[in-house]
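Sharing a sequence plus its predicted fold:
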Amino acid sequence: MLTLIKREIRDHVIYFAGAVIFAGIIIGIAITPIFESRRHYRVLSGLGVALTITAIVIFSFFAMGVGQMYTDKNRKISAFLSTLPVSRSRILIARILTGTLAILTLIVPQVIVTIILLRLYAPPFPEYSGFIAEVFAGIFLAAFACYCIGLQAGWSSSSILSAMGGLGLACIIVSLILIKGFGLHIIVILLLFIIASLIRIRHLFTSTSL
C-alpha cells in the first residue's frame, strides 16, 4: 500500500506543491493584519478573508481527482498494476489516501495558525473552539467532496473536456459553504454525499474493464 501511495504522490506531486504554495499564501493573508493592528477584530477579519479564499481554492481538488483517474485510464496504469499481486480496490484506496494527504497539506497548517492567532489576539470565548472545528471540518469535507466528483468525472469521461461536466457539481459544493456557511447541517450533507460518491467510485473503478 505504501508503495502505491508513493507512486501516486510522485505522479501527482504538482498538486502537493500547489497545496503548499496556497497554504503559505493564505497564511500570509491571515497574519498580515497583525502587522497593521493588533486589535482582535482586525485579526478576525484577516482570518475571515483567508477562510473564504480557502473555500474557493478547495475547488482545485476536483482537478486532482480528474487528473488521477484520467491519467490512469489513458496510460493503463491500473491495467499494468493489476498484473502484479495488487487488487484494484487497493489501487483505489491508495489513490484516495493520496488525495486526502493533499487536502490535509493545504488545511492542517491553516488550522494550526488559526488556533495560535485566536489564542493570542482574540477574546477568550469558548465558542471559538467549536467554530474552528466546524469550519475546518466543513472545508475538509467540501474539498474531499470536490475530489470525489473529480474521480468520478475523470474515470467515466472519454476526454478531459467531457470530464469538465462535473465542474458544475463541484461549483455547487463550493457555493454551498460560501452561501450557507459552516455548521453541523452542512457537515451531515457533505458526509452523505461523500459516502454515496465513494460507493459509486468503487463500483465504477472495479467493474469497468481495463
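Sure, I can see it.

show me what contacts the most centrally placed residue in the chain?
Centroid check for the chain by C-alpha atoms, centre = their mean gives residue 143 as the closest residue, at 3.1 Å. By C-beta atoms under 8 Å, 6 or more residues apart in numbering, the contact list for residue 143 reads 58, 61, 103, 106, 107. For every residue, glycine as well, the C-beta is placed using N, CA and C.

mind running it again at 6 Å?
Neighbouring residues of residue 143 by C-beta atoms under 6 Å, 6 or more residues apart in numbering: 58, 61, 103.

now residue 144
With C-beta under 6 Å, 6+ apart, residue 144 has these contacts: residue 194.

From residue 137, how far off is it?
Taking C-beta to C-beta, to the nearest Å as the measure, residue 144 falls 11 Å from residue 137.

what helix or strand is residue 49 on?
If you go by DSSP states H and E, residue 49 is part of helix 40-57.

just checking, what packs against that helix?
helix 13-36, helix 88-121 (3 or more C-beta pairs under 6 Å, 6 or more residues apart in numbering; DSSP states H and E).

Give me the next element, helix or strand, following it.
As the chain continues past helix 40-57, the following element, by DSSP H and E, is helix 61-75.

mind checking how far stretch 19-27 is from the chain centre?
With C-alpha atoms, centre = their mean, to the nearest Å as the basis, stretch 19-27 stands 14 Å off its chain's centre.

Any buried residues in it, and which?
19, 22, 23, 26, 27 (16 or more other C-beta atoms under 10 Å).

repeat for stretch 107-116
107, 109, 110, 111, 113, 114.

When you compare pLDDT across those, which one is lowest?
pLDDT across the buried residues of stretch 107-116 is at its lowest for residue 114, which sits at 83.

ok, residue 26 - contacts?
50, 53, 54.

Return the residues in contact with the first one.
The contact partners of residue 50, by C-beta under 6 Å, 6+ apart, come to 26, 29, 30.

mind running it again at 10 Å?
Going by C-beta atoms under 10 Å, 6 or more residues apart in numbering, residue 50 touches 25-33, 110, 113-114, 117.

which of the residues you listed lies closest to residue 202?
residue 110 (30.2 Å; C-beta to C-beta).

Now residue 172: which helix or strand?
helix 167-180.

how far does the helix or strand just after that helix sit from the chain's center?
Remark: after helix 167-180, the chain's next helix or strand is helix 184-207, criterion DSSP H and E. How far helix 184-207 lies from its chain's middle: 14 Å, per C-alpha atoms, centre = their mean.

And the pLDDT at residue 121?
pLDDT, read off for residue 121, is 74.

Settle this for me: it is touching residue 113, isn't it.
No: with contact defined as C-beta atoms under 10 Å, residue 121 and residue 113 do not form a contacting pair (11.8 Å).

Now the common contact residues for these two.
residue 47.

ok, and the helix or strand in this structure with the lowest average confidence?
Least confident element among the helices and strands of the chain, by mean pLDDT, DSSP states H and E: helix 77-81 (a mean of 55).

pLDDT below threshold where in this protein?
34-44, 76-86, 122-128, 158-163, 208-210 (pLDDT under 70).

Pull the number of nearby residues for residue 175.
12 (other C-beta atoms under 10 Å).

Please tell me I have it right and residue 165 contacts residue 156.
Yes: Residue 165 lies in contact with residue 156 (C-beta under 10 Å); the separation is 9.5 Å.
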